[in-house]
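A.B. asks: Provided below are the primary sequence and the corresponding predicted coordinates.
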Amino acid sequence: MPEKGIINTKQFVWLLFVIITIFAAMQIPGMLIRQAGRDAWLSVLGAWFLDVMLALIYAYMGIRFPGENFVQYSITILGKYLGRMVGIIFPLFFLLVCTLLLQGLAQTVHNTFLPQTPFNVILIANFLVCAYIGRKGIEVIARMTEILGPLFLLSIVTLSFLVLPSFQIARLKPQFDQGVAPFLTGTPILLTSFGVCIIMAMYIPLCNRPENGFLAKFSAVSMGALVVGLVTVLSVGVFGNEDAQYMFSPGIQLAKMVNFSNYFERVEMIWLVINVGSSIVGSASLLWAFGEGLAQVAGLKTYQSLIYPGALISLVLCIVSFPSGLQQTAFYHYTFPIIGVFVETGLELFLFAAALILHKRGTA
Amino acid sequence: MTVLIVVMALAIGLAEGLPLGKQGQRKELVVMSTLLGVAFLLTASSYLGLPSPLLLMQRLIEPVGKAIFK
């Protein structure tokens, strides 16, 4: 395996948590509220449940093919050629997610921190930092998430307490006023964001206790669902369904409401700094997964030399595909969930079924 | 922007490619060069007004997404 690093279960949990939360805490609550309205919090519960079910399959495959990630067991199950064709879809998917995430992050930084700075300068800076971290390997990324993950969780919980006085439960009522369809269609939008933690299949072979894969994913998704659920419920309860659905990042709008008299303002910057840090580390992890996966498909000894070129492709895709934040949001809302369901659920279920039918098992 | 991307691709190619060449890791060098080539092609195709792969996917899948999601 090109990656020689080892992570422990705690690092595994924080790695997954950071990836789930950053992807879900920025644009997703707004999209979810637009889709499911006041029932958005139910979509969070639905997505959490389905993602935990999916985690069972990923964890089972991790144990059935010990020491192999999904790129490797695609090849074991389907053979050298078909396996590589299927296996390469996973790293490409991670590159796509990294592209969407960094575009969203650059948009947030541009809107909130640096409105005078050209957008592409922020974007390039993001990619260079991510590639630098991604090239250092999984152990470095894992240690960073051990610091940023708990900070991120703590910041969201603190933020929730601070905005609680403005929360009106009446804004969450009535539930199911348009039937169950909005809540049911909201679930896949969030599920595909939670589902990005299929990256767990890349971490399982590197974990010192691979049998803890399901436990790690369960803990991470539960904490992630708590974070997204809190932001979603508070956004509806504070701003109302009608306003919250058009916000790019309701979490930042919530943070903007916090101030302590006149001497301590712009508290959202603290939250945003943690958010940006976590997003950078999460994106670095996705770039790492791209490099590692591609190196395995191509049979390379090292993956480090693929990180910067991967980041460059991602940067170019950002620039040529999404000249504005609106286009990225449209892609994220209407196109990404369908790609996500295909890769995160369809492809893994296909591999699971193929392994059972063909009686394939890992050899390690 | 196109010029900047080309410069970045060359810089990455030199920084990563030279050590790989010295160590005789030909396979790694080929894959890395291919990725840089893809980045260059994406930039060039955008310069020529051709849609990116993500926009093609969007054109293909978005109607389905719009039928399902609000």
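C.D. replies: Perfect, thanks for sending it.

A.B. asks: Can you tell me how far A:Leu159 is from A:Ser249?
C.D. replies: Note on A:Leu159: its distance to A:Ser249, by CB to CB, to the nearest Å, is 13 Å. Using the backbone N, CA and C atoms, a C-beta is placed for each residue, glycine as well.

A.B. asks: same check, this time on A:Ala289
C.D. replies: 25 Å.

A.B. asks: So for those two, which sits in the more crowded spot?
C.D. replies: Neighbour count, other CB atoms under 10 Å in any protein chain shown: between A:Ala289 and A:Ser249, A:Ala289 has more, with 31 against 23.

A.B. asks: average pLDDT for the helix or strand containing B:Val30?
C.D. replies: Per DSSP states H and E: B:Val30 is located in helix B:26-47. Helix B:26-47 shows a mean pLDDT of 92.

A.B. asks: For it, buried residues please.
C.D. replies: The neighbour-count check on helix B:26-47 (16 or more other CB atoms under 10 Å in any protein chain shown) flags B:28-29, B:31-33, B:35-36, B:38-40, B:42-43, B:46 as buried.

A.B. asks: Just the CA atoms of it, as CSV, please.
C.D. replies: Output in CSV follows, covering the C-alpha atoms of helix B:26-47 (Å, rounded to 0.1, in the frame of the first residue of the first chain):
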residue,chain,number,x,y,z
ARG,B,26,8.8,5.8,-14.5
LYS,B,27,5.3,4.7,-13.8
GLU,B,28,4.8,7.4,-11.2
LEU,B,29,6.3,10.0,-13.6
VAL,B,30,3.8,8.9,-16.3
VAL,B,31,0.8,9.1,-14.1
MET,B,32,1.8,12.5,-12.7
SER,B,33,2.4,13.9,-16.2
THR,B,34,-0.9,12.5,-17.3
LEU,B,35,-2.7,14.4,-14.5
LEU,B,36,-0.9,17.6,-15.3
GLY,B,37,-1.8,17.0,-19.0
VAL,B,38,-5.5,16.6,-18.0
ALA,B,39,-5.3,19.9,-16.0
PHE,B,40,-3.8,21.6,-19.1
LEU,B,41,-6.4,20.1,-21.4
LEU,B,42,-9.2,21.3,-19.2
THR,B,43,-7.8,24.8,-19.2
ALA,B,44,-7.3,24.8,-22.9
SER,B,45,-10.8,23.4,-23.6
SER,B,46,-12.3,26.2,-21.5
TYR,B,47,-10.2,28.7,-23.4
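
A.B. asks: What is the burial count for A:Val140?
C.D. replies: Around A:Val140 there are 17 residues (other CB under 10 Å).

A.B. asks: Could you check the pLDDT of the closest residue to it other than its chain neighbours?
C.D. replies: Closest residue to A:Val140 apart from its sequence neighbours, by CB to CB, 6 or more residues apart in numbering or on different chains: A:Ile133 at 6.6 Å. On the pLDDT scale, A:Ile133 is placed at 95.

A.B. asks: I'd like to know which elements the host helix or strand of A:Ile133 is packed against.
C.D. replies: Element membership of A:Ile133 [criterion: DSSP H and E] is helix A:119-136. Applying 3 or more CB pairs under 8 Å, 6 or more residues apart in numbering or on different chains; DSSP states H and E, one finds that helix A:119-136 makes contact with helix A:89-112, helix A:138-163, helix A:268-298, helix A:307-321.

A.B. asks: near chain B, which residues of chain A show up?
C.D. replies: Neighbours of chain B within chain A, by CB under 8 Å from any CB of the partner chain: A:34-35, A:96, A:99, A:120, A:124, A:182, A:185, A:188-189, A:294-295, A:298-302, A:305-306, A:308-310, A:312-313, A:315-317, A:319-322, A:330-331, A:333-335, A:337-339.

A.B. asks: Name only those of these that count as buried.
C.D. replies: With burial judged by 16+ other CB under 10 Å, the buried subset of these is A:34-35, A:96, A:99, A:124, A:182, A:185, A:188-189, A:294-295, A:298, A:300, A:302, A:305-306, A:308-310, A:312-313, A:315-317, A:319-322, A:330-331, A:333-335, A:337-339.

A.B. asks: Could you report the separation of the one residue in chain B that gets nearest to chain A from A:Thr192?
C.D. replies: Chain B approaches chain A most closely through B:Gly65 (3.1 Å), counting by CB to the nearest CB. Separation of B:Gly65 from A:Thr192 (CB to CB): 11 Å.

A.B. asks: shared neighbours of those two, which are they?
C.D. replies: A:Pro337 (CB atoms under 8 Å, 6 or more residues apart in numbering or on different chains).

A.B. asks: between those two, which one's more packed in?
C.D. replies: Each of B:Gly65 and A:Thr192 has its neighbours counted (other CB under 10 Å); A:Thr192 has more, 26 against 19.

A.B. asks: Do I have it right that A:Ala142 meets A:Ile6?
C.D. replies: No - counting by CB atoms under 8 Å, A:Ile6 is not a contact partner of A:Ala142; they are 9.3 Å apart.

A.B. asks: Enumerate the residues of chain B near chain A.
C.D. replies: Residues of chain B lying close to chain A (CB under 8 Å from any CB) are B:1, B:4-5, B:8-9, B:12, B:15-17, B:20, B:25, B:27-29, B:31-32, B:35-36, B:38-39, B:42-43, B:45-46, B:52-55, B:57-58, B:61-62, B:64-66, B:68-70.

A.B. asks: Near A:Leu172, how many other residues are there?
C.D. replies: Neighbour tally, A:Leu172, other CB under 10 Å: 18.

A.B. asks: ok, back up a step: and A:Ala142 and A:Ile6? which has more neighbours close in?
C.D. replies: Set side by side, A:Ala142 and A:Ile6 show more neighbours around A:Ala142, with 25 against 13, by other CB under 10 Å.
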